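> Following is a predicted model, sequence given first.
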Amino acid sequence: MICTRLRPPHSLFGKYFLVLFAAVVVPLLAAGASEAWFGYRDQRAHLDAQLGAEARLAAVRIQDFIEGIKDQLAWAVQLPWEEGPDERHRIDAVRLLRRVPAVTSLTLVDGNGWERLYVSRVSLNRTESGIDRSGDPAVAGARSAQVWYGPVTFHRGSEPFMTIAVAGNRAAVGIVIAEINLKLIWDVIASIRIGDSGRAFVLDRPGRIIAHPDISMVLRGEDDPAAQPLRALRDVIEAQGGAAMGKDTAGRTVMAAMAPVRGVDWSVLVHQPIAEALRPIYDALWRTGGLLLGGAIFAGALAYWLAARMTRPIRLLEEGARRIGAGQFDHRIEIATSDELARLANRFNEMAGELALSQERSERISRLKRFLAPQVAELIDGAGDGSVLDSQRVDVAVVFGDLRGFTAFSARATPEAIMGVLGEYYEALGAVVARHEGTLTNFSGDGLMVLVNAPVPCPDPALRAVEMAIDMQRAAQALIREWREQDHALGFGAGLAMGPATVGRVGSESRLDYTAVGSVVNLASRLCSCAEDGQVLIDAVAAGQVDGRVPLVALGARELKGFDEPAEIYAVDDGKERGAGV
């Protein structure tokens with residue numbers, strides 16, 4: 001037993017005040033410092049990831065833009081050339097200019113390297129000019145690599161252009177050379193915004209600006225000195241292998257990330273000013289300072305109020321409540337102060353004892369309900385005797401049932417339809433088994449196994465099992481009518497046998513099931529397999545025990561798999577009045 005010794009309040013006041021004040025203020029200071037550090041680190045990592053993601057996304061979009069043009073050009077070199085002017089190629093070229101606004105001119109070269117067609121948006125078209133282009137770098141590059149990307153050039157020193165050449169899949173169809181206006185990439189770059197002033201831009205390998213949110217930066221041409229800080233920023237990122245800090249064109253310190261555009265050897269850079277990127281950290285530091293000041297004031301007041309009180313019983317109560325809440329119902333809180341706290345501890349102890357009993361009973365009932373009807377499980381629990389589940393040899397009625405046509409249905413139906421049918425099926429038949437107080441040992445796919453007269457004996461088990469099988473068939477047929485309206489070709493058959501079997505719990509420590517073992521189980525399973533849709537088949541033993549109280553039809557003796565002798569089989573004739581003879 002843990003006892004607390006009372007001391008005069010003034011002797012403990014200073015000690016408790018200092019301890020409580022430090023216990024509040026020191027963690028606040030540590031939390032503030034750690035928040036500042038980890039906040040900066042997290043914000044930096046978040047910014048790096050965001051900038052990198054935006055750069056990669058822009059690079060992918062630009063690459064898709066280039067790839068789309070390349071694919072369109074490939075369609076222009078599908079047909080072989082004919083002697084003289086070829087109207088088909090001219091129509092294809094004009095159609096391509098209409099579909100792809102970025103293409104300003106097209107030159108089609110035949111397999112011998114002669115220019116056959118030139119179509120342009122800004123200059124006169126040419127047909128059969130006969131210009132020898134076999135030595136053109138675009139033609140040579142396309143012949144060797146199928147696709148050739150030329151360097152970026154600036155038309156009249158301002159607008160950026162690039163040449164793309166694509167060779168056909170056969171030498172006879174020739175090569176198409178396209179002049180591309182890269183100003184249209186501006187839409188991709190202009191749509192990227194990081195915070196209030198974060199931007200993106202594109203540089204080619206020499207470091208010239210190809211695309212920038214400020215279109216005037218592109219139109220200044222290749223000798224613009226404003227591009228120098230951007231080239232330096234790109235070089236820093238390449239050297240560090242990730243996001244890095246540098247200067248933008250306005251001289252601000254920025255955080256930037258880069259992603260390459262494959263094929264054309266361009267770089268997409270996305271940056272955001274450091275002052276803007278770290279603004280959340282600065283705001284958080286001001287908030288943390290205010291919280292620290294308020295926390296210090298509150299800690300002083302709280303320490304003053306609690307200094308004269310005994311805190312150990314409270315801690316004991318808190319720890320005890322936590323352990324009891326975690327399921328340690330054998331834990332007891334021991335406080336010997338003879339005051340309200342001690343009485344509260346006694347209440348907790350009483351509650352823990354009641355919860356332990358309730359949990360034990362709930363677990364016992366849950367185990368029983370896994371294979372017994374709820375009312376039977378409650379009965380066994382109320383009697384406090386679980387020995388009925390031990391292994392024993394008894395006469396038992398075994399009922400098997402399963403769906404007909406389920407294998408074909410499951411092969412063509414959707415998973416949702418299959419699980420919906422099984423859910424309705426299990427719900428309906430489970431309710432029938434519970435109503436007749438049968439023992440449902442398991443569901444296996446579309447089949448189920450039910451025991452009657454075990455583990456709890458019942459009067460006239462054969463009759464009860466037959467009546468339960470009839471009700472199961474009726475419930476199943478009601479569902480089958482609904483399923484057939486949904487084009488589900490399903491049926492249900494049941495088999496029943498009566499005889500001695502070994503029943504009891506089987507399994508491991510982590511999982512136990514209640515089941516039956518014996519030839520009567522195999523016989524019931526074989527009868528179920530023989531039953532047609534709507535049929536309930538029973539063996540001769542069960543038929544003799546119902547003794548005319550259920551209408552039956554004798555089907556004669558049949559050879560059954562696993563049995564040496566033919567078995568007499570009877571079918572329940574549910575269409576006749578009860579009491580008719582077998």
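Sure, I can see it.
> Could you count how many residues lie near residue 434?
Residue 434 is surrounded by 16 other residues when neighbours are defined as other C-beta atoms under 10 Å. C-beta here means a position set from N, CA and C on the backbone, and glycine is covered the same way.
> Check what pLDDT it gets.
Confidence per residue is given as pLDDT, and for residue 434 that number is 89.
> How much space separates it from residue 152?
Between residue 434 and residue 152 the distance is 79 Å, computed by C-beta to C-beta, to the nearest Å.
> How about residue 404?
For residue 404, the distance to residue 152 (C-beta to C-beta) stands at 72 Å.
> same deal with residue 319?
Distance, residue 319 to residue 152, using C-beta to C-beta: 72 Å.
> cool, and residue 471?
Between residue 471 and residue 152 the distance, using C-beta to C-beta, works out to 83 Å.
> Also residue 252?
When distance is defined by C-beta to C-beta, residue 252 is 27 Å away from residue 152.
> Which residue of these two possesses the greater neighbour count?
For residue 252 against residue 152, the residue with the higher neighbour count under other C-beta under 10 Å is residue 152, and the figures read 23 against 16.
> Please list all residues in contact with that one.
160-162, 182, 204, 208, 210 (C-beta atoms under 8 Å, 6 or more residues apart in numbering).
> again, only using 10 Å
If a contact means C-beta atoms under 10 Å, 6 or more residues apart in numbering, then residue 152 has 160-163, 180, 182, 202-206, 208-210, 222, 264-266 as its contacts.
> Go ahead and build a ChimeraX selection from the buried members of those.
In ChimeraX, a selection of the buried entries from the contacts of residue 152 looks like this (16 or more other C-beta atoms under 10 Å):
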select :160,161,162,163,180,182,202,203,204,208,209,210,222,264,266
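> continuing past the biggest helix by length in the chain, what's the next helix or strand?
Longest among the helix segments of the chain by residue count, using DSSP state H, is helix 9-75. Scanning the chain past helix 9-75 towards its C-terminal end, the next helix or strand to appear is helix 87-99 (assignment: DSSP states H and E).
> Give me the angle between that following helix and helix 9-75.
Angle between the axes of helix 87-99 and helix 9-75 is 160 degrees (criterion: axes from the mean of the first three to the mean of the last three C-alpha atoms, to 10 degrees).
> what's in contact with helix 87-99?
Applying C-beta under 10 Å, 6+ apart, the external contacts of helix 87-99 come out as 68-69, 72-73, 75-82, 86, 103-108, 110, 116-121, 125, 127, 173-174, 176, 178.
> quick one: which helix or strand includes residue 523?
Element membership of residue 523 [criterion: DSSP H and E] is helix 519-530.
> Check for me that residue 165 belongs to a strand.
Yes - secondary structure of residue 165 (DSSP: H, G, I helix; E, B strand; the rest coil): part of a strand.
> Report the separation between it and residue 236.
For residue 165, the distance to residue 236 under the criterion C-beta to C-beta works out to 34 Å.
> More neighbours: those two, which one.
Neighbours were counted for residue 165 and for residue 236 using other C-beta under 10 Å; residue 165 has more, 27 against 15.
> Does the more buried one touch residue 76 like I think?
No - applying C-beta atoms under 10 Å as the test, residue 165 and residue 76 come out as separate, 11.4 Å apart.
> Between these two, which contacts overlap?
In the contact map built from C-beta under 10 Å, 6+ apart, the residues linked to both residue 165 and residue 76 are 175-176, 178.
> got JSON lines for those, with pLDDT, neighbour count and distance to residue 294 too?
Shown next, in JSON lines, are the shared contacts of residue 165 and residue 76 (pLDDT from 0 to 100; neighbours: other C-beta atoms under 10 Å; distance: C-beta to C-beta, whole Å):
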{"residue": "175", "pLDDT": "87", "neighbour count": "29", "distance to residue 294": "75"}
{"residue": "176", "pLDDT": "87", "neighbour count": "27", "distance to residue 294": "72"}
{"residue": "178", "pLDDT": "87", "neighbour count": "27", "distance to residue 294": "67"}
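> And these, which is closest to residue 527?
The shortest approach to residue 527 among the shared contacts of residue 165 and residue 76 belongs to residue 176, at 77.2 Å (C-beta to C-beta).
> got a list of what the spatially closest residue to the closest one that is not a sequence neighbour touches?
In space, not counting the residues next to it along the chain, residue 176 is nearest to residue 76; the distance is 4.6 Å by C-beta to C-beta, 6 or more residues apart in numbering. Counting by C-beta under 10 Å, 6+ apart, residue 76 makes contact with 89, 92-93, 95-96, 106, 108, 117, 166, 168, 173-176, 178.
> Narrow those to those that are buried.
Neighbour counting with 16+ other C-beta under 10 Å marks 89, 92-93, 96, 106, 108, 117, 166, 168, 173-176, 178 as buried within the contacts of residue 76.
> I'd like the residues you listed written out as CSV, with distance to residue 416 added.
CSV is the format used below for those (distance: C-beta to C-beta, whole Å):
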residue, distance to residue 416
89, 53
92, 48
93, 52
96, 47
106, 52
108, 55
117, 57
166, 47
168, 49
173, 51
174, 55
175, 54
176, 51
178, 50
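> Which member of those residues is positioned nearest residue 342?
Out of the buried ones among the contacts of residue 76, the one with the shortest distance to residue 342 is residue 166. That distance is 90.3 Å, counting by C-beta to C-beta.
> Give me the nearest residue to that closest one, chain neighbours excluded.
The shortest distance from residue 166 to any residue that is not its chain neighbour, by C-beta to C-beta, 6+ apart, is 4.3 Å, and that residue is residue 73.
> That neighbour touches residue 177, doesn't it?
Yes - counting by C-beta under 10 Å, residue 73 does reach residue 177; the two are 8.7 Å apart.
> Can you pull the residues that touch both of those two?
Taking C-beta under 10 Å, 6+ apart as the contact criterion, the residues that touch both residue 73 and residue 177 are 106, 142, 164-166.
> tell me which of these is nearest to residue 28?
Within the set of the shared contacts of residue 73 and residue 177, residue 164 lies nearest residue 28; the separation is 62.7 Å, counting by C-beta to C-beta.
> show me what contacts that closest one?
When the contact criterion is C-beta under 10 Å, 6+ apart, the partners of residue 164 are 66, 69-70, 73, 103, 138, 142, 147-150, 176-180, 263-264.
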